[in-house]
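> here's my sequence, what's the structure:
(chains A and B)
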Amino acid sequence: MTVGGWLIMILSVGIVTGMLAWCIWKVLTTPGSTEHLHSQIDIETPDLRENDNGGEPSTPGAPA
Amino acid sequence: MSQQLTAPGARVRETWGSRIGVIMAVTGSAVGLGNFLRFPGLAAKYDGGAFMIPYVVALLLLGLPVAWVEWAMGRYGGSLGYNSSAGIYRAIWRHPVSPYAGILAMLIPVVIYMYYVYIESWCLAYAVRYLFGMMNFGKDPARYEQFFSEFVGKGETGGAFTSADGTVLGSAVFFLVLCFLLNFYLIYRGLTKGIEWFCRWAMPALIICAIIVLIRVLTLGTPDPSKPEQNVLNGLGFMWNPTTKHTTIWESLANPQMWLEAAGQIFFSLSVGFGIIITYASYLRRDDDIALSSVTSAAGNEFCEVALGGMITIPAAFVFLGYSVIENPPGTFGLGFVTLPNVFNHMVAGWFFGFLFFFLLFLAAVTSSLSMLQPAIALLEEGLGLGRRAAVAVLSFVTAVGSAFVVFFSEGLIALETFDFWVGTFAIYLLATFQVIVFGWILGVEKGFEELRRGAEIRIPEFFKFIIKYVSPVYLLIIFFAWCYQEFLASGVALQKLKTSYIVQASVAFILLVTLFFGLLVAQSVKRWEKLERRKTKGIS
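Purely as a prediction, here's the structure:
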């Protein structure tokens, strides 16, 4: 392992770990964050609530 | 989301538990096969340390900006009543060509799904085999490589249809069918919310399991005293040293394909440039946060990829298998399936950790694959007026044909690798370029940032306006043209592969066929939207 290798490893791992730590701190200290933060897996698509009637689930151009 | 209502209709009361639940859900959402399997395979292909330079540059100048672009455009399109990427592009850019860019946004997740679900099934197979004590091949590292080759049928076309050990648990096809049925049952019945709760706890478990494996890798020392150069420090050196015995850092950095694949890996693992986020973002409320959500998701993903995936697989591959396997890795996704069983073989209760790691990785993959079909489902619903279950049935047929194609053309995993390169890297790259240009130059960076900042829990720095408008598109275009020049004119490698391998030719033809299918769907959707708009205009007048 060369000096360059150590440098790239410390910088790469440090950047991603620091970024994650900052995000965790931000979520934990921001009031109301649980109401507003989302990820793909917790977004419920409206079609899951609709019956499968083969009709028109949404009308394009109309606000969702 | 984990929330506690104190009374019906009362405001949500936040607790530490609910906040940690949010962090787990958001960071865990992006974790998948790309982190622990694809990233190490690519880093090995491009000599480790040198690869990290374009990788980190791509994360900062492309990954985060394009993630914000997709979330903002998606939510904006949703406010106009569209959920499919074709509809959203059409709403933002009123040009006859714009909805056809949506072809890529469906092609990418659907084709990736075709091989992703196959790799997902390998994870399940390894987990089950560990549970039944069928993964102990002794001390010889080459045996693990041999098993993987036989399991996926690398030796010949159609080889995956034969069991690697004569039992049903040695059949890749058996596990693929299981995974395929599971995925479609969950999507068809709309049970994705159920596994969200499960995965909120499975993802941290995967990270803890990976940290335990990492500790074991870092304490391996020199497992085979007859090969003293194959030690952990040299393994780490292979992963992180910018210069290798063959190439200098400058020679590596002069390769445009490395820059293209580094950007492609960032897009792949963050799930940006896929058309997935733009669809999901369209279902959000106007005041939901998209800025901190996307950064937190990216941070969790990068931690798993660089600090865990990068520190485990390649050093372990070097320690057990030496230069040969790293210089000729068993496919981009295959390295982990050859390397990690060797690590588990050197661990106390290795069968348990092997089972746990591959099973949790399987769950992470399931959460990713479930979201991959939503962009195409949205178009089939919105553009053709199909119901969800009919849309899922259509897609199940298309993806089943694609997965069967990948499994059949198993020789050297060429079909899988061809799909992964042309769709999992090249097409993602094209779509990301299109989206960043639409956001910066057509929607307008000011209007785009206004959308991005609505409800944001963090303030995105002003200089990102300049990055999104100028730096990201220029960066993407320069690498793209340099790569085209190298591959098609200077070296002609891409053309050579296309000319000489019938599997590559068949794979590219298959991708074009799927592209045509989605092209026809988009054309039909455009007609339907125009008809609905005319009807609406007449109604108003």
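
> what's the burial count for B:G190?
Using other CB atoms under 10 Å in any protein chain shown, B:G190 is surrounded by 18 other residues. Where C-beta positions appear, they are placed from N, C-alpha and C, glycine not excepted.

> that one against B:R388, yeah?
Yes - the pair B:G190 / B:R388 is scored as a contact, 7.2 Å apart, by CB atoms under 8 Å.

> and what about B:G455, helix, strand or coil?
Classification of B:G455 by DSSP: H, G, I helix; E, B strand; the rest coil places it in coil.

> could you do the one 4 residues further on as well?
Assigned with three-state DSSP, B:R459 falls in the coil class.

> need phi/psi at it.
phi -100, psi 120 (degrees, to the nearest 10).

> that one contacts B:V295, doesn't it?
No - look at B:R459 against B:V295 with CB under 8 Å: they stay out of range, at 11.6 Å.

> between those two, who's got more neighbours?
More neighbours surround B:V295 than the other of B:R459 and B:V295, with 22 against 9 (other CB under 10 Å).

> nearest residue to the residue lying farthest from the centre of chain A in space, ignoring adjacent ones along the chain?
Relative to the centre of chain A, the most outlying C-alpha is that of A:T2, 36.0 Å out, by CA atoms, centre = their mean. Spatial nearest neighbour of A:T2, chain neighbours left out: B:N241 (5.1 Å); criterion: CB to CB, 6 or more residues apart in numbering or on different chains.

> and for B:M258?
Nearest to B:M258 is B:Y46, by CB to CB, 6+ apart, at 4.7 Å.

> can you pull the contacts of that neighbour?
B:252, B:255, B:258, B:261-262 (CB atoms under 8 Å, 6 or more residues apart in numbering or on different chains).

> low-confidence stretches in chain B?
B:1-18, B:28-29, B:191-199, B:325-331, B:540-541 (pLDDT under 70).

> again with chain A
Applying pLDDT under 70 to chain A flags residues A:48-64.

> from B:A281, how far out is the residue nearest the centre of it?
What sits nearest the mean C-alpha location of chain A, by CA atoms, centre = their mean, is A:S39, with 4.0 Å. Distance, A:S39 to B:A281, using CB to CB, to the nearest Å: 11 Å.

> now find how far off-centre stretch B:488-505 is within its chain.
Between the centre of stretch B:488-505 and the centre of its chain there are 25 Å (CA atoms, centre = their mean, to the nearest Å).

> could you measure B:V522 against B:S282, distance?
17 Å.

> please say which of these two ends up with more neighbours.
B:S282 (28 against 25).

> the more buried one and B:G74: what is the separation?
Taking CB to CB, one finds B:S282 at 5 Å from B:G74.

> need the overlap of contacts for the two.
B:I88.

> which of the three states applies to B:H246?
Quick answer, by three-state DSSP: B:H246 is coil.

> buried residues in the lengthiest helix in chain A?
Ranked by residue count, the top helix of chain A under DSSP state H comes out as helix A:3-29. The neighbour-count check on helix A:3-29 (16 or more other CB atoms under 10 Å in any protein chain shown) flags A:4-5, A:8-9, A:12-13, A:15-16, A:19-20, A:23-24, A:26-27 as buried.

> and for stretch A:37-47?
Neighbour-count burial for stretch A:37-47 [16+ other CB under 10 Å]: A:37-43, A:45, A:47.

> and of the residues you listed, the nearest to B:N342?
A:I41 (32.2 Å; CB to CB).

> could you measure from the closest one over to chain B?
4 Å (CB to the nearest CB, to the nearest Å).

> in this structure that residue contacts B:V26, no?
No - the pair A:I41 and B:V26 does not pass the contact test of CB under 8 Å, sitting 9.1 Å apart.

> what helix or strand is the nearest residue in space to A:M1 that is not next to it in sequence located in?
Beyond its immediate neighbours in the sequence, the residue positioned closest to A:M1 (CB to CB, 6+ apart) is B:G237, lying 3.7 Å away. In this structure, B:G237 sits in helix B:232-240 according to DSSP states H and E.

> and the angle for that helix with helix A:3-29?
If you take axes from the mean of the first three to the mean of the last three CA atoms, to 10 degrees, helix B:232-240 sits at 80 degrees to helix A:3-29.

> which residues touch the next helix-or-strand element following helix B:232-240?
Moving toward the C-terminus from helix B:232-240, the next helix or strand (DSSP H and E) is helix B:249-253. Residues from elsewhere that reach helix B:249-253 (CB under 8 Å, 6+ apart): A:4, B:46-47, B:49-51, B:53-54, B:242-244, B:258.

> how about helix B:249-253: buried residues?
Neighbour counts over helix B:249-253 (16+ other CB under 10 Å) mark B:249, B:252-253 as buried.

> okay, now residue 31: neighbour count?
No chain specified, so I'll use chain A. Counted with other CB under 10 Å, A:P31 comes out at 8.

> oops, I was thinking of chain B
B:V31, neighbours per other CB under 10 Å, totals 31.
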